[in-house]
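Colleague: sequence below, structure please.
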Amino acid sequence: MTTAASLPPEPEPEHVDVVIVGAGLSGVGAAYRLQTECPERTYTILEARDAIGGTWDLFRYPGVRSDSDMFTLGYPFRPWREAKAIADGDAILRYIRETAAEYGIDRRIRFRTKVVRADWSSDTARWTLTVETSPAGDGSAANGTASEQRTLTCDFLYACAGYYSYDQGHTPDFPGVEDFGGRLVHPQFWPDDLDYRDKRVVVVGSGATAVTLVPAMADAAARVTMLQRSPTWISPVPGRDMIADAVRKVLPARPAHSVVRMKNVLFTLGFYQLCRRRPQTMRRLLTRLNTRMLQDEQTVKEHFTPDYDPWDQRLCAAPDADIFTAIRQGKADVVTDRIDRFVPEGIRLASGQTLEADIVVSATGLQLLAFGGITPYVDGEPVDLARQFVWRGLMLTGLPNFAVCIGYTNASWTLRADLSSRLVCKVLRHMDRYGYASVVPEPERVLAERPLLDLASGYIQRSIQAFPRQGDHSPWLVRQNYLLDAATTMRGDLHRTLRPTKRAALAAPRVPRNPPVREHAG
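Modeller: Next up, the predicted model:
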């Protein structure tokens with residue numbers, strides 16, 4: 001007879017010092033910083049999908065590109081060498097994958113591994129992660145093998161999975177959509193078999209995705225119409241940076257990259273500050289610029305002059321004014337109206353007009369999801385993220401040894417992401433130096449609440465209440481100013497607002513660490 005006492009003890013979960021969630025632009029950058037600035041720390045990257053690249057591997061719609069220049073969206077430690085400053089999605093994906101391979105980061109990634117729960121124990125000062133692995137990469141059975149769950153532990157958890165859902169985009173409930181005789185698609189899940197050659201296409205939306213899709217599809221489609229409920233501010237920008245080209249001719253790659261990066265940081269920040277401080281001046285400037293590109297003052301007035309001020313919502317970039325060129329050449333047009341309902345032949349508008357369509361693209365935005373959908377627990381109790389505050393744009397109250405990567409809304413995501421990863425390394429070195437098992441940020445006084453992402457964009461307003469808050473003063477204020485952050489992020493006194501727990505004060509002895517995990521790619 002076999003009794004519980006006679007069974008062999010269950011093996012301890014595998015342990016690494018740091019777990020990074022997400023193998024996209026941020027996760028690969030975080031891994032580089034960790035292995036160069038904290039080389040004694042073991043780490044692994046958990047990636048729910050089956051490829052490196054995150055957003056840039058997921059999005060496959062025509063024309064997908066960056067909305068920031070690659071000298072600032074790229075890594076400061078690996079120069080951007082290609083010609084285009086506003087780069088195509090394929091070039092960005094290739095850049096991320098080459099970076100991961102060059103520094104051996106790709107060998108630390110566990111693909112098809114999704115974190116479904118994270119439990120912090122104050123007794124052991126460790127996170128226990130419940131992960132689901134799937135051969136199909138989506139949690140479904142593949143080749144007769146179903147997904148499996150297992151656990152691993154880590155001392156520090158760093159979420160680099162962005163802030164929107166990879167599983168679903170935002171699609172409004174369109175009345176009558178079941179009557180539509182054509183095909184409805186969402187850019188986030190672009191079908192491989194979609195043939196839009198010589199087809200009538202309506203792109204619903206006016207954000208960056210719609211502004212990208214319209215010119216990209218215009219040459220092949222019979223007609224492309226951008227249907228918007230209200231206009232968005234669009235700024236034509238050069239597809240190539242001529243100053244960068246000149247600098248790269250006279251300086252080696254790394255110094256040239258640094259010079260151009262700083263030039264673009266200063267220009268972007270200056271443009272943003274002008275929009276916030278002189279909105280009427282910038283409205284006139286953008287209107288004149290767009291009128292020059294479109295050569296139609298009335299169309300600019302009706303369809304490209306929003307009611308809100310520039311940078312109340314994120315500004316859309318149009319490389320080489322491509323959307324205006326497509327409209328001016330008669331390959332595309334724009335309609336500002338509301339949808340009444342879908343009909344078999346297309347979309348009937350509130351004005352009574354019907355837009356005939358073979359294909360409707362619902363470029364209606366993203367579905368926000370806090371930190372990859374991870375629900376953290378501390379000593380068995382779930383932590384309500386919406387009640388927490390963000391410290392230095394990185395760590396959260398109520399969650400020990402937990403960090404999130406949050407990029408800028410008014411500049412390239414990577415500018416803040418890289419600062420955040422360097423700060424994670426500083427926190428880890430701080431813990432080692434003073435013998436701390438854990439640290440958690442705590443405010444010194446009551447904080448006034450502000451939303452984490454302070455933009456009026458619809459996709460943000462729909463879900464922002466589920467996210468943590470920022471406060472009203474440093475280090476609880478999530479600033480949108482890279483120059484200030486670059487000057488202060490690495491200089492703050494960590495003792496003031498990080499409450500530590502000494503290793504010697506743990507309630508239970510630490511479980512002996514397993515040997516470092518073997519590096520593998522899946």
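Colleague: in contact with the closest residue to residue 417 other than its chain neighbours, which residues?
Modeller: In this structure, residue 417 finds its nearest non-sequential neighbour in residue 26, 4.6 Å apart by C-beta to C-beta, 6 or more residues apart in numbering. Heads up, the C-betas are built off the backbone N, CA and C, glycines and all. For residue 26, the contact set (C-beta atoms under 8 Å, 6 or more residues apart in numbering) comprises 54, 160, 162, 405, 407, 413-414, 417, 421.
Colleague: got TSV for those residues, with secondary structure and neighbour count too?
Modeller: Shown next, in TSV, are the contacts of residue 26 (DSSP: H, G, I helix; E, B strand; the rest coil; neighbours: other C-beta atoms under 10 Å):
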residue	secondary structure	neighbour count
54	coil	23
160	coil	28
162	coil	25
405	coil	31
407	coil	21
413	helix	23
414	helix	22
417	helix	26
421	helix	26
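Colleague: tell me the one of those residues nearest residue 191?
Modeller: Checking those against residue 191 with C-beta to C-beta, the nearest one is residue 54 at 20.7 Å.
Colleague: pull the contacting residues for that closest one.
Modeller: Here residue 54 is in contact with 22-27, 96, 161-162 (C-beta under 8 Å, 6+ apart).
Colleague: go on, residue 260?
Modeller: 71, 241, 243-244, 247-248.
Colleague: could you rerun that using 6 Å?
Modeller: 71, 244, 247 (C-beta atoms under 6 Å, 6 or more residues apart in numbering).
Colleague: tell me the one of these nearest residue 478?
Modeller: Among those, and counting by C-beta to C-beta, the member closest to residue 478 is residue 71, at 23.6 Å.
Colleague: look up how far residue 406 lies from that closest one.
Modeller: With distances taken as C-beta to C-beta, to the nearest Å, residue 71 is found 21 Å from residue 406.
Colleague: count of residues packed around residue 179?
Modeller: Residue 179 has 11 neighbours, counted by other C-beta atoms under 10 Å.
Colleague: can you flag which of the contacts of residue 54 belong to helices?
Modeller: Counting by DSSP state H, the contacts of residue 54 place 25-27, 96 in helices.
Colleague: which stretches of the stretch 201-350 of the chain form helices?
Modeller: 208-218, 242-250, 253-277, 279-294, 297-303, 322-328 (DSSP state H, counting those that start in this stretch).
Colleague: and these as TSV, adding mean pLDDT?
Modeller: As requested, these are arranged in TSV below (pLDDT from 0 to 100):
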stretch	mean pLDDT
helix 208-218	96
helix 242-250	95
helix 253-277	95
helix 279-294	96
helix 297-303	96
helix 322-328	96
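Colleague: minimum distance to residue 428: which of the ones you listed has it?
Modeller: Among those, helix 253-277 comes nearest to residue 428, with 25.9 Å by C-beta to C-beta.
Colleague: may I see the buried residues of that closest one?
Modeller: 256-257, 259-261, 263-265, 268-269, 271-272, 275 (16 or more other C-beta atoms under 10 Å).
Colleague: any idea of the angle that helix forms with helix 279-294?
Modeller: Helix 253-277 runs at 120 degrees relative to helix 279-294, counting by axes from the mean of the first three to the mean of the last three C-alpha atoms, to 10 degrees.
Colleague: let me see the domain layout of this protein.
Modeller: Per automatic domain parsing, the structural domains of the chain span 13-166+367-505, 172-364.
Colleague: deepest of the ones you listed, which one?
Modeller: With neighbours defined as mean count of other C-beta atoms under 10 Å, the domains of the chain peak in mean count at domain 13-166+367-505, which reaches a mean of 19.
Colleague: quick check: end-to-end length of that one?
Modeller: Using C-alpha to C-alpha, to the nearest Å, the span of domain 13-166+367-505 from its first residue to its last is 23 Å.
Colleague: ok, stretch 69-86 next?
Modeller: Span of stretch 69-86 from end to end, C-alpha to C-alpha: 5 Å.
Colleague: measure how far it is from the centre of its chain, please.
Modeller: 17 Å (C-alpha atoms, centre = their mean, to the nearest Å).
Colleague: do the same with stretch 156-167
Modeller: 8 Å.
Colleague: contacts for that stretch, please.
Modeller: Residues contacting stretch 156-167 (C-beta under 6 Å, 6+ apart): 18-22, 26-27, 30, 58, 127, 366-369, 371-372, 401-405, 424.
Colleague: quick one on the thing from earlier: weakest of the domains of the chain in terms of mean pLDDT?
Modeller: Sorting those by mean pLDDT places domain 13-166+367-505 lowest, at a mean of 90.
Colleague: for residue 445, see how far away residue 240 is.
Modeller: 50 Å.
Colleague: that should have said residue 325, apologies.
Modeller: Here the criterion is C-beta to C-beta. By it, residue 325 lies 54 Å from residue 445.
Colleague: could you do residue 273 as well?
Modeller: Counting by C-beta to C-beta - residue 273 and residue 445 are separated by 29 Å.
Colleague: quick one: terminal-to-terminal distance for stretch 113-133?
Modeller: With C-alpha to C-alpha, one end of stretch 113-133 sits 4 Å from the other.
Colleague: same check on stretch 310-322?
Modeller: OK, stretch 310-322 end separation, C-alpha to C-alpha: 20 Å.
Colleague: and for stretch 78-91?
Modeller: So stretch 78-91: terminal residues 14 Å apart, C-alpha to C-alpha.
Colleague: who touches stretch 298-317?
Modeller: Applying C-beta under 6 Å, 6+ apart, the set of residues contacting stretch 298-317 is 67, 208, 211, 231-235, 237, 272, 275, 279, 282, 287, 290-291, 294, 334, 336, 455-457.
Colleague: just checking, next helix/strand downstream of the strand or helix carrying residue 152?
Modeller: Secondary structure from DSSP states H and E places residue 152 in strand 148-159. Later in the chain than strand 148-159, the nearest helix or strand by DSSP H and E is strand 164-169.
Colleague: partners of that next one, with directions?
Modeller: Its sheet considered, strand 164-169 pairs with strand 366-368 (antiparallel) by DSSP bridges.
Colleague: coming back round to it: can you redo the helices of the stretch 201-350 of the chain as JSON lines with distance to residue 188?
Modeller: Formatted as JSON lines, those follow (distance: least, C-beta to C-beta, whole Å):
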{"stretch": "helix 208-218", "distance to residue 188": "9"}
{"stretch": "helix 242-250", "distance to residue 188": "31"}
{"stretch": "helix 253-277", "distance to residue 188": "26"}
{"stretch": "helix 279-294", "distance to residue 188": "28"}
{"stretch": "helix 297-303", "distance to residue 188": "25"}
{"stretch": "helix 322-328", "distance to residue 188": "20"}
